[in-house]
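> Everything below, folded, please.
(one chain, ligands or ions: 1)
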Amino acid sequence: MQQPVEDPAQHCDVVVVGGGPAGLAAAWAATDQGARVVVLETASETGGNITGAFVHTICGLYAPAETGSHAFVNPGLPARFATALQAVGAAGEAETVGKVRVVPTDPGRIRRVIEQWCAARPGLRVRLGVRIHEASLALADVRTNTLLGRDATGSFRITSDIVVDTTGDAALAQQAGASVEGHPDSERQLPSYIARLAGVPAADTAGYGRLRWTAALARAARKGALDPRAESALLRPVPGSKDAFLTLNLSRSLVLETARERLAEEAGRTVDAVVAHLRANREGYSDCQVVASPRHEGRREGTRMRGRSRVNAEDVLAGTRSEDEVALSSWPIELWQDHRRATFRHIGAPCGIPLGALVSASHPRLGTAGRCLSASHEALGALRVIGTALATGEAVGIASALAADRGIALAEVVPADVRLRRDATISG
Ligand SMILES: Cc1cc2nc3c(=O)[nH]c(=O)nc-3n(C[C@H](O)[C@H](O)[C@H](O)COP(=O)(O)OP(=O)(O)OC[C@H]3O[C@@H](n4cnc5c(N)ncnc54)[C@H](O)[C@@H]3O)c2cc1C
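Model prediction:
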């Protein structure tokens, strides 16, 4: 592998653009295979929807509850990460909720684990606050990807054998003219806004208390006693803390009428109204307050990369498996088209995600993972969850390191080799 050259002209094996759960998993897995990796993240910290939007449950780690299996469905990096979170109290014990099994987390404490996992890998460099202003991606006759960008330290130029777009929105692919697909805002899954509250009575964050709380808020919103935008809200406890997360599900009309950069601010105003309403009207809320606000609303669906293969709803529902699979998806198809309720289509068994769904159809040295992998709108309702983002990130990270090591394109990597390398990390 080529050694990195210092700024202004750097070369590394793998550049990962977007440091959410998928990008981090890709970067950690590629580094563990011996690759020199740089993560370029536009925000002031990594963690994506976890640290930026306070998404506080890891889904997609286990097979459907009715199978009775409590084993991790992807026993590599997703299992190691969830176990590491539990070991330091950043995650609670797994819980069965109806037909699924989930791990509740505290995003604030996950942040520290992410920092430790990055610091433990000398082959990994993370650059924050990055804006990429030019991207030229490798094609058949050009073997190197070149990105021009800027961060707090100034302008930089970086080249790599492989680039992985885990921006959640295929932002790099779009910028570089690679094949993408997506839906307009009028059809995408709706976002939610999550804030952390203190001073919430424990009875409202457990069992039927949660349902009664949601119903009381919806009644107040319908009657005009509260901002009508608060008609769909949920409360969940923060593991290991007395705080609670309030999730406000944002309506289609709010999303369409509000500029994207102002959506979180508008939603934050509604959360303030909810807190004021609770303090004035509900017993036990006299000390209730917002103790942490997210950087942005939680974004479920963006533009996706067009891959060499694509996962469709039928694959998820039938539990399709293939020779080319490198990760498994085990979450039901959960779609938020209406802010008042999600629809769920449950599955009997996990489905395989082929390596081709993580490799660009147009650019052979461009990979992807997480919520901008190659999938239909419906299939993404299952594949976008954090457990699966970690698994697809791990797979494309291993594939990228293999490609860089062998001097081949990502499109030439054999899926069985990725599985072998991943299984070696599990048994070793
Ligand atoms: C409201 C909500 C609730 C959810 N609930 C759950 C749940 O309970 N359990 C679960 O498992 N999943 C849940 N999810 C899904 C899950 O949070 C995401 O799908 C998951 O975060 C996907 O990870 P990702 O890395 O693909 O994308 P993201 O987490 O979105 O990370 C993308 C990263 O790329 C960065 N980026 C974007 N553009 C650029 C650019 N041009 N250059 C550099 N960096 C860029 C972003 O800043 C971000 O850090 C929820 C999602 C939402 C929105």
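> Show me where the protein dips below the pLDDT cut-off.
1-9, 428 (pLDDT under 70).
> got the domain boundaries for it?
Following automatic domain parsing, the chain resolves into domains at 9-185+301-427, 192-292.
> from the ones you listed, which stretch is densest packed?
Ranked by average neighbour count under the criterion mean count of other CB atoms under 10 Å, those are headed by domain 9-185+301-427 at a mean of 21. C-beta coordinates here come from the backbone N, C-alpha and C atoms, glycine included.
> wait, does that one contact the ligand?
Yes - shown here: domain 9-185+301-427 in contact with the ligand (CB under 6 Å from any ligand atom) through 17-23, 40-43, 48-49, 53, 55, 57-60, 130, 132, 166-169, 171, 370-371, 384-387, 389.
> Smallest gap between the stretch 251-400 of the chain and the ligand, at which residue?
Relative to the ligand, the nearest point of the stretch 251-400 of the chain is Gly370 (2.1 Å; CB to the nearest ligand atom).
> show me what contacts that residue?
Gly18, Gly20, Pro21, Ala22, Gly23, Gly48, Thr166, Gly168, Arg384, Ala389, Thr392, Gly393 (CB atoms under 8 Å, 6 or more residues apart in numbering).
> hmm, try it at 10 Å
18, 20-26, 48-49, 164-168, 304, 358, 383-386, 388-393, 396 (CB atoms under 10 Å, 6 or more residues apart in numbering).
> Okay, helices next: where are they in the protein?
With helices called from DSSP state H, the chain shows them at 21-32, 49-53, 77-87, 107-119, 171-176, 207-223, 252-257, 260-281, 313-318, 377-383, 386-406, 415-427.
> Only C-alpha atoms, please: export the first one in PDB.
This points to helix 21-32. The C-alpha trace of helix 21-32 is given here as PDB (Å, rounded to 0.1, in the frame of the first residue of the first chain):
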ATOM      1  CA  PRO A  21     -22.200   5.100  11.800                       C
ATOM      2  CA  ALA A  22     -21.700   3.700   8.300                       C
ATOM      3  CA  GLY A  23     -18.600   5.900   7.600                       C
ATOM      4  CA  LEU A  24     -17.000   5.200  10.900                       C
ATOM      5  CA  ALA A  25     -17.600   1.400  10.500                       C
ATOM      6  CA  ALA A  26     -16.000   1.600   7.000                       C
ATOM      7  CA  ALA A  27     -13.100   3.600   8.300                       C
ATOM      8  CA  TRP A  28     -12.500   1.300  11.300                       C
ATOM      9  CA  ALA A  29     -12.800  -1.900   9.300                       C
ATOM     10  CA  ALA A  30     -10.500  -0.600   6.500                       C
ATOM     11  CA  THR A  31      -7.900   0.600   9.000                       C
ATOM     12  CA  ASP A  32      -8.000  -2.800  10.800                       C
END
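> tell me the angle it makes with helix 386-406.
If you take axes from the mean of the first three to the mean of the last three CA atoms, to 10 degrees, helix 21-32 sits at 40 degrees to helix 386-406.
> Contacts only, for the closest residue to Leu358 other than its chain neighbours.
Closest residue to Leu358 apart from its sequence neighbours, by CB to CB, 6 or more residues apart in numbering: Val396 at 4.4 Å. Contact analysis of Val396 by CB under 10 Å, 6+ apart lists 14, 16, 22-23, 25-26, 29-30, 162, 164-166, 326-327, 355, 357-359, 367-370, 373, 410, 413, 418.
> Let's see stretch 132-150 as CSV, backbone CA atoms only.
These are the backbone C-alpha positions of stretch 132-150, laid out as CSV (Å, rounded to 0.1, in the frame of the first residue of the first chain):
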residue,chain,number,x,y,z
ILE,A,132,-15.4,19.4,-0.5
HIS,A,133,-15.6,21.8,-3.5
GLU,A,134,-14.3,19.6,-6.3
ALA,A,135,-14.4,15.8,-6.8
SER,A,136,-12.9,13.9,-9.7
LEU,A,137,-13.6,10.2,-9.3
ALA,A,138,-11.7,7.3,-10.9
LEU,A,139,-13.0,5.7,-14.0
ALA,A,140,-11.7,2.8,-16.2
ASP,A,141,-8.7,4.8,-17.5
VAL,A,142,-8.1,7.0,-14.3
ARG,A,143,-7.1,4.9,-11.3
THR,A,144,-7.1,7.7,-8.6
ASN,A,145,-9.8,9.6,-6.9
THR,A,146,-9.0,13.3,-6.3
LEU,A,147,-10.9,15.5,-3.9
LEU,A,148,-10.3,19.2,-3.3
GLY,A,149,-11.6,20.7,-0.1
ARG,A,150,-11.2,23.1,2.8
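> How far does that stretch sit from its chain's centre?
Its chain's C-alpha centre and that of stretch 132-150 lie 25 Å apart, by CA atoms, centre = their mean, to the nearest Å.
> swap in stretch 353-369?
With CA atoms, centre = their mean as the basis, the mean position of stretch 353-369 lies at 17 Å from the chain mean.
> Same check on stretch 13-23?
For stretch 13-23, the distance to the chain centre is 12 Å (CA atoms, centre = their mean).
> now swap in stretch 54-67 and tell me
13 Å.
> Report the separation between the two terminal residues of that stretch.
30 Å (CA to CA, to the nearest Å).
> ditto for stretch 336-352
End-to-end distance for stretch 336-352, by CA to CA: 23 Å.
> ok, now stretch 13-26?
End-to-end distance (CA to CA), stretch 13-26: 13 Å.
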